[in-house]
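> Make a model of this:
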Amino acid sequence: MGSSPALDVRGLSCAVGGRVLLRDVDLTARSGESLAVMGPSGSGKSTLLACLAGLLPATAGTVQVCGTDVGALRAGKAAAWRLRTIGFVYQFGELLPELSAVENAALPLLIGGTGRRTAYATAERLLAELGVAEVADSPAGVLSGGERQRVAVARALSTRPPLILADEPTGALDEQATDDVCALLYELPRRYGTTLLTVTHNPSVAHWADRRLVLRGGRLSESADV
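Modelled structure (predicted):
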């Protein structure tokens with residue numbers, strides 16, 4: 001594992017509509033480290049991810065990703081920074097069903113201005129590395145749940161971001177597909193040097209992480225018992 005501070009959160013609080021969802025959260029993570037945040041529905045897990053990505057402003061505290069103060073980014077620059085710095089994996093993959101797997105995986109690069117040939121070559125390489133080269137030309141709408149999540153991971157990795165945020169990434173999968181996707185996801189830090197933060201309500205998913213934390217009442221604490 002590397003030792004650079006990929007993620008440094010200090011005193012993070014967030015309130016939405018008068019409801020406090022996060023209270024004085026501290027969190028640090030190194031490059032090449034995986035973390036899982038456990039908590040029931042409504043505990044603030046997705047709010048935490050939104051604050052880390054700069055999609056939701058904090059009420060108090062700071063979030064730094066690779067030395068950048070997320071809260072200080074102007075709106076125009078935040079989107080470009082986010083595209084370069086953070087990869088997202090969602091519960092249902094959130095792929096565009098009418099596009100092929102390789103087109104979905106190449107999207108962040110194309111949006112960021114990478115040439116079409118380079119973007120597609122990178123996407124094809126990632127799909128091969130993640131074991132879904134055979135579906136590269138298939139529309140995303142016909143893929144299985146496990147295949148969709150592998151394509152979503154390829155898309156998240158396409159810009160080689162230092163941080164990947166995964167929001168209930170196995171929530172729509174059966175038990176076997178969950179194990180397969182977990183094996184893939186939690187290998188990413190070692191394989192690509194990225195930091196992985198997963199939020200989940202599933203203890204079997206959290207068990208794969210290097211570190212496990214619990215979010216209760218808006219407060220985050222370490223847990224060795226997940």
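
> Identify the residue nearest the geometric centre of the protein.
When C-alpha atoms, centre = their mean is applied to the chain, the residue found nearest the centroid is Leu165 (1.7 Å).

> My read is that Arg82 contacts Gly54, right?
Yes - contact criterion C-beta atoms under 8 Å: Arg82 and Gly54 qualify, at 6.4 Å. The way it works is simple: take the backbone N, C-alpha and C, and place the C-beta from them, glycine included.

> Between those two, which is the more surrounded one?
Gly54 (23 against 20; other C-beta atoms under 10 Å).

> Distance check, the residue nearest to the centre of the chain against Ile86.
Remark: distance between Leu165 and Ile86 (C-beta to C-beta, to the nearest Å) = 6 Å.

> and if you look at Ala183?
Distance from Ala183 to Ile86, counting by C-beta to C-beta: 22 Å.

> do Gly39 as well
Computed with C-beta to C-beta, the distance linking Gly39 and Ile86 is 21 Å.

> So the two - more neighbours on which side?
Remark: of Gly39 and Ile86, Ile86 carries more neighbours, 24 against 21, as counted by other C-beta under 10 Å.

> The more buried one reaches Arg160, doesn't it?
No - in this structure, Ile86 is not within contact of Arg160 by C-beta under 8 Å, at 11.5 Å.

> what residues are shared contacts of those two?
Counting by C-beta atoms under 8 Å, 6 or more residues apart in numbering, Ile86 and Arg160 have no contacts in common.

> how about the host helix or strand of Ala123: buried residues?
When elements are defined using DSSP states H and E, Ala123 is found to belong to helix 116-129. Using 16 or more other C-beta atoms under 10 Å as the test for burial, helix 116-129 gives Ala119, Tyr120, Thr122, Ala123, Glu124, Leu126, Leu127, Glu129.

> Quick one: name whatever helix or strand follows it.
Following helix 116-129 toward the C-terminus (DSSP H and E): helix 145-157.

> Helices of the protein, residue ranges please.
Read by DSSP state H, the chain holds these helices, from start to end of the chain: 45-52, 75-85, 101-111, 116-129, 145-157, 175-185, 188-192, 203-206.

> out of those helices, which comes closest to Ala136?
Across those, Ala136 has its closest neighbour in helix 101-111 (4.3 Å, C-beta to C-beta).

> What average pLDDT does that closest one get?
Taken as a whole, helix 101-111 has a mean pLDDT of 96.

> Show me how far it is from its chain's centre.
Taking C-alpha atoms, centre = their mean, to the nearest Å, one finds the center of helix 101-111 at 16 Å from the center of the full chain.
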